[in-house]
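Student: just coords:
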């Protein structure tokens with residue numbers, strides 16, 4: 001898959017990332033339009049965690065998140 005035509009979105013994410021404020025960004029859209037790939041491309045140049053929720057129990061999601069955080073930190 002080729003990543004193209006998302007320069008404005010990456011600029012917006014970088015602007016928010018570099019602000020001196022706490023930011024909460026919601027990325028939404030139809031299925032299969034590249035939301036996850038946009039995040040992956042952004043994270044190539046930034047340190048952080050990508051965690052994707054799934055249709056599973058809250059307990060399992062919290063366990064997965066805990067494990068992901070443990071590995072990161």
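Tutor: Everything's here; your move. Everything numeric here is computed off the predicted structure, so don't read it as measured data.
Student: mean confidence for stretch 22-34?
Tutor: Averaged over stretch 22-34, pLDDT sits at 91.
Student: kindly check the end-to-end length of it for me.
Tutor: Stretch 22-34 stretches 25 Å from its first residue to its last (Cα to Cα, to the nearest Å).
Student: low pLDDT regions in this structure?
Tutor: 1-2 (pLDDT under 70).
Student: quick check: chain neighbours aside, which residue is closest to the most centrally placed residue in the chain?
Tutor: The chain has residue 39 as the residue nearest its centroid, 4.4 Å off, counting by Cα atoms, centre = their mean. Counting by Cβ to Cβ, 6 or more residues apart in numbering, residue 39 lies nearest to residue 50, which is 6.1 Å off, once chain neighbours are set aside. The way it works is simple: take the backbone N, C-alpha and C, and place the C-beta from them, glycine included.
Student: residues near that neighbour, how many?
Tutor: 10 (other Cβ atoms under 10 Å).
Student: so it sits against residue 40, correct?
Tutor: Yes - with contacts counted by Cβ atoms under 8 Å, residue 50 reaches residue 40, the gap being 7.0 Å.
Student: before we move on, back to that, now do the contacts for the residue nearest to residue 39.
Tutor: 39-40, 43 (Cβ atoms under 8 Å, 6 or more residues apart in numbering).
Student: which residue is the nearest non-sequential neighbour of residue 10?
Tutor: residue 42 (6.0 Å).
Student: and that neighbour, what is it in contact with?
Tutor: Residue 42 touches 10, 13-14, 17, counting by Cβ under 8 Å, 6+ apart.
Student: between those residues, which has the most around it?
Tutor: residue 13 (20 neighbours).
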